[in-house]
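> Let's see this in three dimensions:
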Amino acid sequence: MRIFSRLLQDEFGSILSAEVVVVGTIAVIGATAGLSAASKSIDSELYEFASAIRHLDQSYSASRIEIDGDWSAESSYTQPDLKKSLKELEKSYLKDKKADAKRAEELRRAAIAEQEKVDAANKAPTKKRTKKRPKKVQKKKKN
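Just a heads-up that it's a prediction; the model follows:
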C-alpha cells in the first residue's frame, strides 16, 4: 500500500498540460503538411497515369465478316494525333486546377467575411447604463 501511495505522489513522470498542447499542435501541423504533400503527390500521379493511358494507341480496324449468310459491317477507328490529345488533356487539367484554386479562394474569402461579421457583432457598441444617483438629501439639523 505504501508503494502505491508513493507512486501516486511521484511527479517525476507527470505530463504538464502545456506539453500536451505543444505536442498536439506539432502533430496537427505535421499531419496537415503531410496530407497536403500526399494530396499533391496523388494528383501528380493521377495526371501521369492519364497521360500514360492517352499514349496508348486505341486505333483499330475490323473488316467485313460473313458467317452463314450473316455479316457484320466494316468498322474502324483512328485515334487523333497524340500531341493534340495530350494538349487537350493538359488544358483540361489546368482548367480543373484553376477552378479548384478559385473555389478555395472563394471559400477562404467567405470564411474571412463570416469571421469579420462575428468580430463586428462582438465589438458592437453597447449602451452604457448609468444609474441615476438619488439626490442628496440634506438632513436638517435640530437646534
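> next structured bit after the least confident helix or strand in the chain by mean pLDDT?
In the chain, no helix or strand scores lower on mean pLDDT, DSSP states H and E than helix 2-9, which sits at a mean of 80. For helix 2-9, the following helix or strand on the C-terminal side (DSSP states H and E) is helix 17-55.
> Who are the packing partners of the longest helix anywhere in the chain?
Longest helix in the chain, counting residues (DSSP state H): helix 82-122. Contact here means 3 or more Cβ pairs under 8 Å, 6 or more residues apart in numbering; DSSP states H and E; on that basis helix 82-122 packs against helix 17-55. In short, each C-beta sits where N, CA and C put it, glycine included.
> pLDDT on the helix it packs on, on average?
Averaging pLDDT along helix 17-55 yields 88.
> hmm, who's touching the very next helix or strand once past it?
Using DSSP H and E, the helix or strand that follows helix 17-55 in sequence is strand 60-62. With Cβ atoms under 8 Å, 6 or more residues apart in numbering as the test, strand 60-62 has contacts from 72, 74-77.
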